[in-house]
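> Okay, structure incoming, though there's no sequence with it:
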């Protein structure tokens, strides 16, 4: 639903909206004045973080964990809401319900919101302040003195009960811890005896010395291995540098002998000798400046330079390379021997734990028992300290105060007024929408369009319009009527209400005024509900109607003729007389507007279908059911008459659609 449509619904049903809002709002106001007053007060108890009860919970959990592996759960809220304390409170103060019956624990802790407002009874609420150790006991009652007594008495009863519980728990915990400590000491001494016997049998001292020596030797071998690997890395780097130098002269390796016997130098020297022999042969046949001679000289010079460079490189690197190769091989042998020694010592170390496994297990048990005895001894010390602080575990920070009679907590007048406004608005708007949805009376053009019923126009309330606005409305209606006729030569238009008091007469008169003028003569024919003609057949002479025609208002081209009912004339006679009259009027006037009786009294289209050109049914908003509008449209269709469409009168939009 759009906002515009909602506003239209509220404006149409503003009386219902106002009534519903008033009833709901003033009901809440009356409730704020009439409902019984309820007074609430509270007592605050400080629960110390380092209190005895907290320590008791910790100690109890530790003891049970030692004995059975379980952890104890302890919450003061569970102690607070026990049935015994609340039953004792009810019996001591003789708390009763609104009707005078004894109060139960369930009713004391719970309340139904609506019923508690109408018939309040004593109530207890127990809460824990967030992020603190404050316990809040809130009591409410129609009697402020009773509420204060409930809160204070329950707080005192709780403090006494929790101190008694604490003392009992401390005694039980101490007894359990003493028995547990005795059992642990017995197990500890037994484990010490077994450890002494195992050490004597296995020779613990020799094993320890051997283990220490093996670990020391293993560590030294590891250090030597890492040093040898570093030297090996540096030697490999030296070999890599020498290799890159040899790559520059296109030589990949150097043997261990002198550089003069290296195959690369011998090959290069042989190549130079061959080129010199070729040059000598060329001198015999060619001149000194011949291109071949010059090219041989150039090749000999380049190879000689390369030979000199290789000889220089070999002289610089041959000795270093041999040393590096010997160092690399030596370090590789050293690393291999060290790895062998490390493997032997690793086997010896792996065999040592097997010899001392029994001693290790007994030693671990002794250490574990010693730790448990120390922890339990510390817990016993804390327990003795907790018993000394029993009376300080919980304190009353603030007792409950008795409120004045006018200082009530419920009902909250401001909240009730706000709820009344919100609830009244929601109720009134929802009721208006519901009534509009359930209302089948025609009230909007959209309703007719959804039902596929033709709509000619909507006419606003003419009583709220001036002469100019009224004239503009009916000019638009006149134009729509002219466009609705398929032929421009229409003469007779019937305007009739669907229900009585539908406004057809007012619309017919204003429409006649709008059509008259500019040399267009119009007559308004006002008909009785039964369509009886005033003259008998022998008096129905041509032109007799002219004696009864009168000008309508101040209009120049508008006349008015009113027909009177005659009970002596039959229906067929009246129809024939009316048809003859319309024929004569059509010769004199350009347009005839017939103001007929409502459809609910007679079916005009069926009676007049043969003598009129079209009909415009009129209905007022919220007057005609949608089913009746469909029936009228179906009557027009069956009679063969042109239904121009319904005119929706007094529509609040204020303009034609």
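Done, it's in. Since this is a predicted model, take the numbers as computed values, not measurements.

> can you give me the strands in the stretch 351-500 of the chain?
394-398, 455-459, 492-497 (DSSP state E, counting those that start in this stretch).

> Out of these, which one sits most buried?
strand 492-497 (a mean of 25; mean count of other CB atoms under 10 Å). All C-beta atoms are positioned from the backbone trio N, CA, C, and that covers glycine.

> Below-threshold pLDDT in the stretch 551-657 of the chain: ranges please.
555, 564-574, 600-607, 609, 653-657 (pLDDT under 70).

> try 80 this time
553-556, 563-577, 597, 599-610, 639-640, 652-657 (pLDDT under 80).

> Compute the number of surrounding residues for residue 646.
24 (other CB atoms under 10 Å).

> right, and it touches residue 451 too?
No: with contact defined as CB atoms under 8 Å, residue 646 does not count as touching residue 451 (10.7 Å).

> if you go through the stretch 551-657 of the chain in chain order, where are the strands?
558-562, 591-595, 614-620, 642-643, 646-649.

> helices and strands of this protein: which one bottoms out on pLDDT?
Sorting the helices and strands of the chain by mean pLDDT, DSSP states H and E puts helix 52-67 at the bottom, at a mean of 42.

> what's the burial count for residue 408?
Neighbour tally, residue 408, other CB under 10 Å: 19.

> actually residue 6, not the one I wrote
Neighbours of residue 6 (other CB under 10 Å): 14.

> ranges for the strands of the stretch 101-250 of the chain?
123-128, 134-141.

> can you list those in JSON lines and add distance to residue 23 and mean neighbour count?
Output for these, formatted as JSON lines (distance: least, CB to CB, whole Å; neighbours: other CB atoms under 10 Å):
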{"stretch": "strand 123-128", "distance to residue 23": "31", "mean neighbour count": "18"}
{"stretch": "strand 134-141", "distance to residue 23": "30", "mean neighbour count": "21"}
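
> wait, which of the strands of the stretch 351-500 of the chain is closest to residue 101?
strand 394-398 (31.9 Å; CB to CB).

> Next, the angle strand 134-141 makes with that closest one.
50 degrees (axes from the mean of the first three to the mean of the last three CA atoms, to 10 degrees).

> who does strand 394-398 touch, helix- and strand-wise?
strand 39-47, helix 144-202 (3 or more CB pairs under 8 Å, 6 or more residues apart in numbering; DSSP states H and E).

> Output the ones you listed in CSV; the columns should cover mean neighbour count.
Output for the helices and strands packed on strand 394-398, formatted as CSV (neighbours: other CB atoms under 10 Å):
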stretch, mean neighbour count
strand 39-47, 20
helix 144-202, 16
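
> rewinding a little: which neighbours do residue 646 and residue 451 share?
residue 629 (CB atoms under 8 Å, 6 or more residues apart in numbering).

> Next, please give the residue ranges for the helices of the stretch 351-500 of the chain.
Using DSSP state H, counting those that start in this stretch, the helices of the stretch 351-500 of the chain run over 357-388, 413-438, 445-450, 467-484.

> Please convert these to TSV, extending it with mean neighbour count and mean pLDDT.
Below are the helices of the stretch 351-500 of the chain laid out as TSV (neighbours: other CB atoms under 10 Å; pLDDT from 0 to 100):
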stretch	mean neighbour count	mean pLDDT
helix 357-388	15	72
helix 413-438	15	89
helix 445-450	15	87
helix 467-484	15	86
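
> now those helices as JSON lines including distance to residue 183?
Below are those laid out as JSON lines (distance: least, CB to CB, whole Å):
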{"stretch": "helix 357-388", "distance to residue 183": "10"}
{"stretch": "helix 413-438", "distance to residue 183": "64"}
{"stretch": "helix 445-450", "distance to residue 183": "90"}
{"stretch": "helix 467-484", "distance to residue 183": "108"}
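
> nearest to residue 106, of the ones you listed?
Per CB to CB, nearest to residue 106 of the helices of the stretch 351-500 of the chain: helix 413-438, 27.3 Å.

> ok, the nearest residue to residue 646 once chain neighbours are set aside to residue 545 distance?
Leaving aside its chain neighbours, residue 646 sits nearest to residue 617 (5.1 Å; criterion: CB to CB, 6 or more residues apart in numbering). Here residue 617 is placed at a distance of 27 Å from residue 545 (CB to CB, to the nearest Å).

> Settle it for me: which of these two has more neighbours?
residue 617 (29 against 20).

> mind listing what that one touches?
Contacts for residue 617 were tallied using CB under 8 Å, 6+ apart; they are 496-498, 599, 629, 632-633, 636, 643, 646-647.

> so how far is residue 560 from it?
From residue 617 to residue 560 the distance is 22 Å (CB to CB).

> Could you tell me how many residues sit around residue 559?
20.

> ok and the helix or strand that contains residue 25 relative to helix 413-438, angle-wise?
If you go by DSSP states H and E, residue 25 is part of helix 14-34. Helix 14-34 runs at 150 degrees relative to helix 413-438, counting by the same axes, to 10 degrees.
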